[in-house]
Structures are given as C-alpha cells and as structure tokens.
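1. Give me coordinates for this.
(chains A and B)
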Protein chains: 2
Amino acid sequence: MTATTLKNVRPMGAEAIDLHIVEGRFASAAPEGEAEVVDCGGRILVPGFVEAHTHLDKSLLGLPWYRNEVGPRLIDKIDNERQVKVSLGLDPQVQSERHAILAMSYGCTHIRSHVDVDTHHGLAGIEGVMATREKLTGLIDIEIVAFPQSGMMRRPGTAELMDEALSLGADLVGGIDPCGMEHDPKGHLDTVFALAEKHGKPVDIHLHERDALGWFSMEEIIDRTVALGMQGNVSISHAFCLGALDRAYVAGLQEKLAENRIHILTTAPASAPVPLVKELKAYGILTGAGCDGIRDTWGPYGNSDMLEKAMHIGMRNNLRRDDEVELALEICTKGGAAVLGLKDYGLGFGCRADCVLVEGETLAEAVALHAPRKLVLKGGRVITRDGKCVIEAP
Amino acid sequence: MTATTLKNVRPMGAEAIDLHIVEGRFASAAPEGEAEVVDCGGRILVPGFVEAHTHLDKSLLGLPWYRNEVGPRLIDKIDNERQVKVSLGLDPQVQSERHAILAMSYGCTHIRSHVDVDTHHGLAGIEGVMATREKLTGLIDIEIVAFPQSGMMRRPGTAELMDEALSLGADLVGGIDPCGMEHDPKGHLDTVFALAEKHGKPVDIHLHERDALGWFSMEEIIDRTVALGMQGNVSISHAFCLGALDRAYVAGLQEKLAENRIHILTTAPASAPVPLVKELKAYGILTGAGCDGIRDTWGPYGNSDMLEKAMHIGMRNNLRRDDEVELALEICTKGGAAVLGLKDYGLGFGCRADCVLVEGETLAEAVALHAPRKLVLKGGRVITRDGKCVIEAP
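-> Residues are numbered from 1 along each chain as shown, chains lettered A, B, ... in the order given. Below is the predicted model:
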C-alpha cells in the first residue's frame, strides 16, 4: 500500500491539519503501516488546476525564438500557422509533451486541449498529442478536442478527417466561428453536431464572434443542443459575445445557456470583450478557464500557469474583494473540473489526491503571488517539487 | 575610480559586446586600471525600468494579509483606505521602503509615486516617502506627486496641505477626476494649476473618467496647459477616456495632446478602457506606464515589475508581433524616462549606468518570460542580483 501524510497543511486556506493519502486518494484515517510524511509548512492546499482551454500541439516551447511578423486578421494567423508548422518542422508529440510538463510544473493535473485537424497536416496533431497523453499516463490527464482550426466548410476533406480523429481517440468535437471563420453557420454546426451524434461525444466550440454575430451563432448552438438532447455536453470557449454592451440581450442568452446546461470556458483576454464570470456564476452556468495557446505563432505570451490565469481572470473581471478573487481561483480548479465532468475531484475523502501546495496566507494571496509551486501531487504521486516538474521535458 | 566591465552582454538584444562603466556611466573605452568584470552570459541588457505611476505610500507589503471586503464604488475604496491606514497603523515610510525595494528587485531604477495628501493624514505620506527617498539615495530615484486622493473641493483644507507638500519637497502637483470625484471641475483644475504656477512644478492628474465626461475634463486640462504655457509639463494618468469607442472624437483629442506635449501614463488595466499605445506612438505623444498601487486596500494584485507590466500592456493592447511587444517594453523604459524628463537615460555612452540584465533570446521573449532579473545596476552599482535586492526591506 502506498501512503502519504501531508503534515501541517491548510486545505483551501482553512486551519492546518494532517491530510492522509492512501492508494492515491484522500483518506479519513491515518494509513496503516509506513507512510511517507511530507511537511507542508502550513501552506495552503488546493485541488489540481484544470487547464480547460489550450492548444498542446502548437506551442513553440524549446525552439529558438519565433519572430512574430504575422498580419492582424484571424485568417492571417491561421494561414501563417499552417505554413510555419512545416517550415519549423514542428513535432506535435514533442511540443505537447513540453507544454504539458510546463503545465505540470505549475500544478495542472488536467488539461483539455484543442488539437488542429486540417487537410494540410491531417491527423498528425491528434496522433502526437495522443502519444503524449499515453506517455504521461498517471502524471496528467489530457482530454483531446478534434479542432478544425482552418475550417471544415472552407476546406473540403476536413470533416472526414474530424471523423477519423474521433474514431482514433479524440474525446470531443471542436468547432470554430461558424460565421466569421466558416461563412456557413448551418453547414459548420450541422457537421459539428452530426459528428457529436455519430460518435456520442461532447462538443466544445471556439466562438470569438462578437455582439450580434456571436449571439446568432450561440443561439444556433443552443438550438442544436436542445434538438439533440445534448444538454450538459456542450461547451462554448471564449464566448466573447457574452461580454457585449447590451446586457439585456446577453441576460436572455445566459438564461438559455443555464437552462440547457451549456458550459462556458473563458480565456479572459485583456483585449477582447469577455463573459462576466460573476454573472455566469449567478446564472448557475458552469465555468472553467484556460490559458489558450502559449508561446506560439499566435503570440508570445503564456505559460499554462492556471494560478496566474486566475489573477488574469480577476484583473479582467475587476475582481478585488477576497471572495471575488476566490471565485477566479474556483473557476481554475473545480469550475473547470465540473465542465470536464471529472469524477472524484477535490480535496474531500475519497477524492483522487490531485493537489497543489501554494504560497500565501490566504487563497487571494496565493492568486496574487502565484509563486512557484512547492509541491504538486497527481494521484498522490509527486510530479512537481519547488516549481520543477520531476519529468524532464524532451 | 570605480569601473566595471559587463562582458558578453547584448544591449537591447543586439550582438554581444563588452560594455564599460566608468564612474557610474557607460563609457566608450575600457576603464584605466583595475575594473570589476561581470560575465553577463550573453544576456540582454535594457535600461532601468521606469515605474511612472504608482503609490508608494499605500501598499500593505510586509503586513498580514488584508481581507478585502470593500464596496464597488471609487468613493468606497477611497473612504475605506483613509480608515484602514489608521486601523492598521500604516507607516508610509516603512511601506514605501518595502515597495521601492521590491521594485528595485525587478529592475526599477526610477519611480514616480503619487502620495496621498488629505485632511485626515496631513503630510504624513509625503514625509514618509521623502524619508524613504532620502534613505535610498543613489539606489533608486523617486519623484513625488502630491496627490489629493480624497479630493480638494470635497475636503476643505486639502489645498493648503497640497501647497505645504509642494513647499516641503513634492515634485509635482497631482489631481483626480475633476467631475466624477470632485464634482467641481473648474474649482479642482484651477486649484491644481494655480499650485503648479505658484511652485513652478509640473502636473500629473489621475483621470479615470470615461467617454464624454473624461473628454470634457481632458479638454479643460488642455486649455489650462495652453493658458499657462505649460506644454511639456503636464501628464495625464490612466486617461481611460482615450479608450472610448468614438475613435473620431478621440483622434481630435489626441491631436491636441500631441500639439501641447501633454504626456500619457497608462496603467493598462484589463477591466477598463485604455489609451491605445500604438495610436499614442503614432501621434508622437510621450507615453510611460506604471503598475499603479500594488497589494493595497484597493486590490490584491501587483508587484511593480515593469517587465511584467510590459506584458500586461501588450496583452491589453493586443500586441503580438515582436515589434509591437518591443513598443510595450519601450513604454516601460524610455517612454517613462521621457515623460519624467530624465537626463542621461539609456545605454549610450555618457548615460548613467542604470540597467537590467533580462532573460530571453529576444526583447519580446524577455517580456513574455519576465523571469527574475539576473542583475540590476543603478549608477553602475549592483542593486539586485538573481532577483534579490541587495538592500533588506524593513
């Protein structure tokens, strides 16, 4: 029996206790026999971070600096990326492993990654990230969204590749701006939902469209969710249109999202309208978050540190009070876990011991500091110590 | 003669050279006699960061965590702060020293700090920050703005205290939302500019007012700048109204700002409209930046790391290309220096050796990483090594 006792630890900032882990799960009683004892020095323990929206296949981590001279439009970035993947000889397996290990060093224990599927690169991304998932089994859980980054309507053959990706092992069907990118909302969404129905898999759609355009697409998504009885199995990522000025219209949309248990994944960018997380909470809409792509051809920033992302969510949503900052942290932990439908997640007895020791006197301070993580456990096993993942990146 | 050679260093990311420092200034020739040699390992050197908008007197650094339960309005935060300063027994000297030393650890070599002047605390803030400035002479340069945080029109006696603060040694006259906060734009701005005229000191006004309200106040500021011939001696901090949707109106304002050499200091908050830094650059408006208050009763975030602030400016302004990210860095270095009117700033021969070794292959990577600073020099003297300031905070 493997057993560990976390001594002098403060779950969610509460009073210090000793916490027992037996066979990878939190246990109510001290383990029988020998147990490894870890002195936590009175630090706060939170459940593992859930990076619920990123792109493991496309970071440029470990490569020489990529000088970004890309044009300003969405399509500039998409077209550039397809080319650069070739010119740099990007290996999705290696890149996703580097990215996942960086995320692990910050305490991520679960990742939902969109992975490009297109007629240029076929299933190379899916296969690469699946190989990384296999390689890191037990160290981090990775969900794969088959993601038609370059569009399905615009590029014939992509839908068939999406179908293959889902047969191969992708967990969700992705989608992207049905109007702004695809110019065929009916065609795109019918294809996305047909794939979901065929494979019995959930949906997670990128929706960058703003204002009325985004509302239209969102309503089309809601209609299909209802028609197929997919309540609880649809997420919308970004959802910038929920940050629109017309709050009365947005309120109506939020009611429908809540009613149909459609989840929101926010990346909380500083330069775009964003869903207001306090409103989502009030409506009972499950909300997770992600760092989006990090250090890729889209932009230079990011690190998959979901504790820093909690700060960015806080700054973007003007969250200043401690209870508000705690909401930002909740989104990056159990909010994401709820969207992903994780079982046995949390710090309760019986839950899997996926957890992170953070620095700070309170949860809000932990967010504000987002100092290197002292310790990260996955299923009771140490995966990061003093900010360094125990696994070497390739 | 004190002399140092920075070996194998890349000024602004250029090719590696040896850079000489003699008597605290960059020199074209190797120093005569003995010189201390510092191996910079090929790292990039940038000039010292200029924290051009912060509040040294009010951070809660070093104190137990302050649980923020403050109301949502500006006036809630202002009124709460005046009370909490008393209940916590905040010592502006100690707090400003802690804050300045933290900033130094991140490579700040110059700070412009607003310091509260009000009828509740009188000149305690000014005296405290002046004492810190004295104590840290040679280690960091601190400019003090006498700042009527609680208003002058609303609180009789404040203008007289402002006058005293300027006689005592404050370097600039501050101001705050003439309409939204003071409810008397004429009274407030006439007082601010009268103080500036009397003391022959520049002006730096907080302007959070949005849209047309902010435009009105800004035009009132411009009119007074022209009337008093104060071109080049007026800064506007925050200037959220320049982030308004009506770009045609903003364009007219920006022309007037440029024409009258009125500078902008942005804090680039993620949750408010902000001046667009690329536009300011195009108009030739000098632009600096600041972290604003850090870890205070207003909110839990911040650290006076101007390299991280460059990233936040980049994220807020959607700067992704390398040349754009370099603009964000420029704002946090020579942009701020220009606004403050610093002489002999930069990495050129004859300039004061205020400089920072940063991590990363390029300037954009340095911003994206904002890793702990290897070395910070002020006038050729090491003030920070491996992210740790050589001065202990009290």
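2. Isn't residue A:144 up against residue A:115?
-> Yes - the pair formed by residue A:144 and residue A:115 meets the contact definition of Cβ atoms under 8 Å, at 5.5 Å. Yep, even glycine has a C-beta here, placed from its N, CA and C like the rest.
3. Surely residue A:153 is in a strand?
-> No - remark: residue A:153 does not belong to a strand; assigned using DSSP: H, G, I helix; E, B strand; the rest coil, it is coil.
4. quick one, phi/psi of it?
-> According to degrees, to the nearest 10, the main-chain angles of residue A:153 amount to phi -70, psi -30.
5. List the contacts of it.
-> For residue A:153, the contact set (Cβ atoms under 8 Å, 6 or more residues apart in numbering or on different chains) comprises A:182-184, A:187-188, A:191.
6. how about residue A:2, what does it touch?
-> Counting by Cβ under 8 Å, 6+ apart, residue A:2 touches A:22-24, A:380.
7. Could you list which of those belong to strands?
-> residue A:22 (DSSP state E).
8. ok, so of the contacts of residue A:2, who is nearest chain B?
-> Out of these, the one with the shortest distance to chain B is residue A:380. That distance is 29.7 Å, counting by Cβ to the nearest Cβ.
9. any idea how far residue A:28 is from that closest one?
-> Distance, residue A:380 to residue A:28, by Cβ to Cβ, to the nearest Å: 15 Å.
10. and if you look at residue A:187?
-> As for residue A:187, its distance to residue A:28 is 54 Å (criterion: Cβ to Cβ).
11. So these two - more neighbours on which side?
-> Legend: neighbour count by other Cβ atoms under 10 Å in any protein chain shown for residue A:187 and residue A:28, higher for residue A:187 (15 against 10).
12. Show me what counts as buried in whichever strand or helix holds that one.
-> When secondary structure is defined by DSSP states H and E, residue A:187 falls within helix A:185-199. Burial within helix A:185-199, assessed by neighbour count using 16 or more other Cβ atoms under 10 Å in any protein chain shown, is assigned to A:185, A:188-189, A:191-193, A:195-197, A:199.
13. What about the residue in the stretch 101-250 of chain A that chain B sits nearest to, how many residues nearby?
-> In the stretch 101-250 of chain A, the residue found nearest to chain B is residue A:245; the distance is 8.9 Å by Cβ to the nearest Cβ. When counting by other Cβ under 10 Å, one arrives at 9 neighbours for residue A:245.
14. Ok, the one 4 residues further on next?
-> When neighbours are defined as other Cβ under 10 Å, residue A:249 has 15 of them.
15. Please report phi then psi for it.
-> Summarising the backbone geometry of residue A:249 under the convention degrees, to the nearest 10, its torsions are phi -60, psi -40.
16. contacting residues for it?
-> residue A:215.
17. again, only using 10 Å
-> Residue A:249 is in contact with A:211-212, A:215, A:241-242, counting by Cβ atoms under 10 Å, 6 or more residues apart in numbering or on different chains.
18. now residue A:120
-> Per Cβ under 10 Å, 6+ apart, neighbours of residue A:120: A:81-83, A:85-86, A:150, A:155, A:158.
19. hmm, back to that, where do the contact lists of residue A:144 and residue A:115 overlap?
-> Between them, residue A:144 and residue A:115 share these contacting residues under Cβ under 10 Å, 6+ apart: A:56-57, A:96, A:125-126, A:129-130, A:165, A:170, A:174.
20. May I have the helix holding residue A:187 exported as CSV, CA atoms only?
-> As requested, C-alpha coordinates have been extracted for helix A:185-199 and formatted as CSV (Å, rounded to 0.1, in the frame of the first residue of the first chain):
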residue,chain,number,x,y,z
PRO,A,185,-23.1,28.6,-39.9
LYS,A,186,-25.6,26.0,-40.9
GLY,A,187,-23.1,23.9,-42.7
HIS,A,188,-20.5,24.1,-39.9
LEU,A,189,-22.8,23.5,-37.0
ASP,A,190,-24.7,20.7,-38.7
THR,A,191,-21.4,19.0,-39.3
VAL,A,192,-20.1,19.5,-35.7
PHE,A,193,-23.3,18.2,-34.2
ALA,A,194,-23.6,15.3,-36.7
LEU,A,195,-20.1,14.2,-35.7
ALA,A,196,-21.0,14.5,-32.0
GLU,A,197,-24.1,12.4,-32.5
LYS,A,198,-22.4,9.8,-34.6
HIS,A,199,-19.5,9.3,-32.1
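21. Can you name the next helix or strand after it?
-> Tracing the chain past helix A:185-199, the next element assigned as helix or strand by DSSP H and E is strand A:203-207.
22. now the helix or strand hosting residue A:101: mean pLDDT?
-> In the assignment (DSSP H and E), residue A:101 maps to helix A:92-105. For helix A:92-105, the per-residue pLDDT values average out at 98.
23. what do you get for stretch A:346-360?
-> Taken as a whole, stretch A:346-360 has a mean pLDDT of 98.
24. Quick one: end-to-end distance for it.
-> 20 Å (Cα to Cα, to the nearest Å).
25. hmm, that stretch touching chain B?
-> Yes - applying Cβ under 10 Å from any Cβ of the partner chain, one finds stretch A:346-360 in contact with chain B at residue A:360.
26. Give me the buried positions along that stretch.
-> Taking 16+ other Cβ under 10 Å as the criterion, stretch A:346-360 shows A:346-347, A:351-360 as buried.
27. From these, pick the one nearest residue A:39.
-> Of all those, the one sitting nearest residue A:39 is residue A:357; the distance, using Cβ to Cβ, is 10.6 Å.
28. State the distance from that closest one to chain B.
-> To chain B, residue A:357 is 17 Å away according to Cβ to the nearest Cβ, to the nearest Å.
29. And for residue A:366?
-> When Cβ to the nearest Cβ is applied, the distance between residue A:366 and chain B equals 10 Å.
30. Name the helix or strand for that residue, please.
-> With elements taken from DSSP H and E, the one containing residue A:366 is helix A:363-369.
31. likewise residue A:42?
-> According to DSSP H and E, residue A:42 maps onto no helix or strand at all.
32. wait, it sits on residue A:358?
-> No - contact between residue A:42 and residue A:358 fails when scored by Cβ atoms under 10 Å: they sit 11.9 Å apart.
33. Find the residues that touch each one of the two.
-> Between them, residue A:42 and residue A:358 share the neighbouring residues residue A:10, with contact defined by Cβ under 10 Å, 6+ apart.
34. Can you give me the neighbour number for the closest residue to chain B within the stretch 51-200 of chain A?
-> Among the residues of the stretch 51-200 of chain A, residue A:65 lies closest to chain B, at 4.2 Å counting by Cβ to the nearest Cβ. Neighbouring residues of residue A:65 were enumerated by other Cβ under 10 Å; the total is 17.
35. My guess is it contacts residue A:300. True?
-> Yes - assessed by Cβ under 10 Å, residue A:65 is found in contact with residue A:300 at 8.5 Å.
36. shared neighbours, those two?
-> When contacts are counted by Cβ under 10 Å, 6+ apart, residue A:65 and residue A:300 are jointly contacted by B:322, B:360, B:362, B:364-365, B:368.
37. Skip the chain neighbours and tell me the closest residue to residue A:29.
-> If the residues on either side of it in the chain are set aside, residue A:29 comes closest to residue A:20, at 6.5 Å by Cβ to Cβ, 6 or more residues apart in numbering or on different chains.
38. count of neighbours near residue A:18?
-> As a burial measure, the neighbour count of residue A:18 was computed by other Cβ under 10 Å and equals 12.
39. Contacts only, for residue A:168.
-> Taking Cβ under 10 Å, 6+ apart as the definition of contact, the neighbours of residue A:168 are A:123, A:126-127, A:130, A:144, A:146.
40. hang on, the earlier thing: tell me which of the buried residues of stretch A:346-360 fall in strands.
-> Using DSSP E, the buried residues of stretch A:346-360 in strands are A:355-358.
41. Give me the buried positions along the host helix or strand of residue A:38.
-> Taking DSSP H and E as the criterion, residue A:38 maps to strand A:36-39. By neighbour count, and taking 16+ other Cβ under 10 Å as the criterion, the buried residues in strand A:36-39 are residue A:38.
42. With stretch A:382-394 instead?
-> Neighbour-count burial for stretch A:382-394, with 16+ other Cβ under 10 Å as criterion, is recorded at A:383-384, A:389, A:391.
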